[in-house]
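Novice: Provide a 3D model corresponding to the input given below.
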Amino acid sequence: MSGRAENWLNRVWYGNSRWYLAFLPLSWLYRGVSGLRRKLYRKGILRSCQVGVPVIVIGNITLGGTGKTPLTILLAQELKQRGFSPGIVSRGYRGNVGSLPVPVSADSDPALVGDEAVLLAMHCACPVVVHPDRVAAARALQEQGVDVIIADDGLQHYRLARDMEIAVVDGARIWGNGKILPAGPLREPVSRLRHVQHVLLQTENESLRIPGLTQATPVSQFSLQPSAAHRLDSAEIRSLDTYKGTRVHGVAAIGNPDRFFDMLEKLGMDVVRHAFPDHATLTVADLTFDEPCDVMMTEKDAVKCRGLEKDNLWYIPVAAVISESPDISLIEQVETLIKDHG
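Specialist: Residues are numbered from 1 along each chain as shown. Alright, predicted model coming up:
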């Protein structure tokens with residue numbers, strides 16, 4: 001999808017545009033087909049495949065970025081610290097892996113396996129396998145001896161049986177206009193969240209409540225915390241305080257680029273915003289501007305730009321930080337599930 005088309009859709013989904021009315025017939029069709037498919041899996045007419053180890057799915061019911069990848073990294077790191085051997089399965093969005101599952105390393109080509117998979121491999125120190133057929137990818141992980149599998153962005157991939165579902169919600173945009181694709185950003189109705197085991201809400205507003213949730217659904221809040229500015233060629237790391245009051249070019253090819261730009265501005269930067277379509281490949285031309293300022297990008301974008309010969313390119317890693325409520329601990333919930341798995 002082009003950047004212009006993506007921007008227009010975002011205005012329809014998250015603004016006050018009434019253009020969504022033109023898409024309602026397709027939205028009704030999409031909802032009917034996806035609902036029928038979900039029901040067929042629940043009734044066992046379509047079979048979900050077990051892979052022999054617990055499977056935890058992290059996903060969302062909206063299109064676009066909600067913070068799933070940093071949360072997947074956090075969960076894998078926490079499980080490793082507790083003595084487990086996790087593995088991660090990913091679709092490898094925008095990759096081109098062919099007919100067989102592909103193992104991913106920190107040095108893998110994002111054009112082959114996808115940018116998110118490379119980022120996961122860089123930070124998790126555990127096996128990562130990508131393929132559109134997540135069952136095949138999960139079986140490849142199981143053969144490597146992992147004792148728990150985390151499926152990144154697989155909430156609607158019902159063919160892979162799961163023991164726990166974690167839904168991630170963007171606290172800034174919530175459900176947009178509340179319509180199903182393509183009239184709105186929802187992949188499934190909000191009622192789908194009644195069937196997940198935990199909801200993670202990305203927000204710094206402690207009083208924010210999610211419309212459509214029942215009180216029985218455990219909810220934790222999380223935020224994405226930046227650390228430092230890293231030069232793309234790894235030659236230098238700078239404190240973020242260095243850039244307070246400084247004009248920079250902000251570049252983001254992610255599901256919600258404004259969230260990244262807003263973060264830069266909260267850090268005190270004067271940001272010239274350059275948004276690209278989600279997962280877009282960035283070239284030197286895309287990152288060259290008339291005004292000679294440093295260029296700040298997300299770490300996910302940075303993995304696609306390795307090797308570009310420009311000394312003003314920087315990226316800012318972020319880490320997910322969960323604010324646990326006193327009676328709900330997501331990590332303990334996951335740990336108990338794994339130990340109880342029969």
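
Novice: all contacts plus neighbour counts: C-alpha atoms, from now on.
Specialist: Noted.

Novice: how is the chain carved up into domains?
Specialist: 9-223+323-340, 228-316 (automatic domain parsing).

Novice: Now do the last one, average pLDDT.
Specialist: Read it as domain 228-316. Mean pLDDT, domain 228-316: 92.

Novice: how close does the residue nearest the centre of the chain sit to residue 163?
Specialist: Among the residues of the chain, the smallest C-alpha distance to the mean C-alpha position (CA atoms, centre = their mean) belongs to residue 68, namely 3.1 Å. Computed as CA to CA, to the nearest Å, the residue 68 to residue 163 distance reads 18 Å.

Novice: cool, and residue 84?
Specialist: The gap separating residue 84 from residue 163 is 16 Å, by CA to CA.

Novice: hey, least reliable of the domains of the chain by pLDDT?
Specialist: Set side by side, the domains of the chain show their lowest mean pLDDT on domain 9-223+323-340, which sits at a mean of 88.

Novice: Now do the phi/psi pair for residue 287.
Specialist: Geometry field for residue 287 lists phi and psi as phi -110, psi 10, criterion degrees, to the nearest 10.

Novice: Could you tell me which residues make contact with it?
Specialist: Residues in contact with residue 287, defined by CA atoms under 8 Å, 6 or more residues apart in numbering, are 251, 295.

Novice: Centre of the chain to stretch 70-84, how far?
Specialist: From the chain centre to the centre of stretch 70-84 is a distance of 16 Å (CA atoms, centre = their mean, to the nearest Å).

Novice: hmm, who's touching that stretch?
Specialist: When contacts are defined by CA under 8 Å, 6+ apart, stretch 70-84 is touched by residues 58, 85-87, 120, 123-124, 126, 147-148, 150, 152, 224, 318-320, 331, 335.

Novice: which of the residues in the helix or strand hosting residue 111 are buried?
Specialist: In this assignment (DSSP states H and E), residue 111 forms part of helix 110-113. Of the residues in helix 110-113, those scored as buried under the neighbour-count criterion (16 or more other CA atoms under 10 Å) are 110, 112, 113.

Novice: between those residues, which is nearest residue 130?
Specialist: Distances from these to residue 130 were compared by CA to CA; the smallest belongs to residue 113, at 6.6 Å.

Novice: List the residues that contact the closest one.
Specialist: Counting by CA under 8 Å, 6+ apart, the residues that residue 113 touches are 92, 93, 94, 95, 96, 97, 102, 104, 130.

Novice: Out of the contacts of stretch 70-84, name the ones that lie in helices.
Specialist: For the contacts of stretch 70-84, the ones inside helices are 120, 123, 124, 331, 335, with DSSP state H as the criterion.
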